[in-house]
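[1] model the following, please.
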Amino acid sequence: MHWMKFIQCIFLILKESTMRRKYRQISQSEALALLEKGEFGVLSTVDGENRPYGVPINYCLLDDSIYFHCALEGKKIDNIQFQPVVSFCVVGHTCLIPEKFSTKYESVIVCGEVEEVFAEEKIRALKGLIKKYASEYEDKSQKYIASYLDKTRVFKIKIKEISGKARR
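    As a prediction, this is how the structure comes out:
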């Protein structure tokens with residue numbers, strides 16, 4: 001199948017490529033810290049006709065894996081079921097420098113494999129999302145999670161490759 005060659009090519013490029021401006025490369029710990037604090041990321045998948053699809057999502061980082069939730073069905077899920085290997089990108093702080101025709105930025109790109117999570121891991125991920133995005137309402141989270149547990153799906157991106165870059 002064409003998609004398998006596409007995915008193998010991406011992993012080969014990531015493994016063999018070197019960053020052109022090495023001085024902008026950030027450490028793995030800095031990249032993980034950026035993942036931790038990022039507000040949203042773009043999940044990139046491929047569909048059954050080899051068309052790319054990128055969608056912004058909320059997420060949380062737990063135990064070096066990225067968790068996100070979604071509806072029970074949709075294009076994102078269809079693509080993940082077709083090909084679970086994905087790319088995920090987070091852009092942190094940015095600042096335009098118009099007089100230099102440039103931008104200060106920090107970013108991280110992850111390649112990994114997605115799997116759906118269930119039971120305790122699903123609840124833990126939902127609690128992680130609430131802690132990140134609505135920490136002032138954590139005391140109400142158990143009731144909220146219980147009422148939506150069967151109405152949402154939760155997925156985990158197991159990080160296989162991570163790289164970060166910054167111009168500060």
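
[2] and Leu35, how close does it get to Val117?
    According to CB to CB, to the nearest Å, Leu35 stands 18 Å off from Val117. Using the backbone N, CA and C atoms, a C-beta is placed for each residue, glycine as well.

[3] which one's more surrounded, the two?
    Leu35 (22 against 18; other CB atoms under 10 Å).

[4] what helix or strand is Lys132 on?
    helix 119-133 (DSSP states H and E).

[5] buried ones in that helix?
    By 16 or more other CB atoms under 10 Å, the buried positions in helix 119-133 come out as Glu121, Lys122, Ile123, Arg124, Ala125, Leu126, Lys127, Gly128, Leu129, Ile130, Lys132.

[6] contact partners of the next helix or strand after it?
    Note on helix 119-133: by DSSP H and E, the next helix or strand toward the C-terminus is helix 141-148. Contact with helix 141-148 is made by Ile123, Leu126, Lys127, Ile130, Lys131, Ala134, Tyr137, as judged by CB atoms under 8 Å, 6 or more residues apart in numbering.
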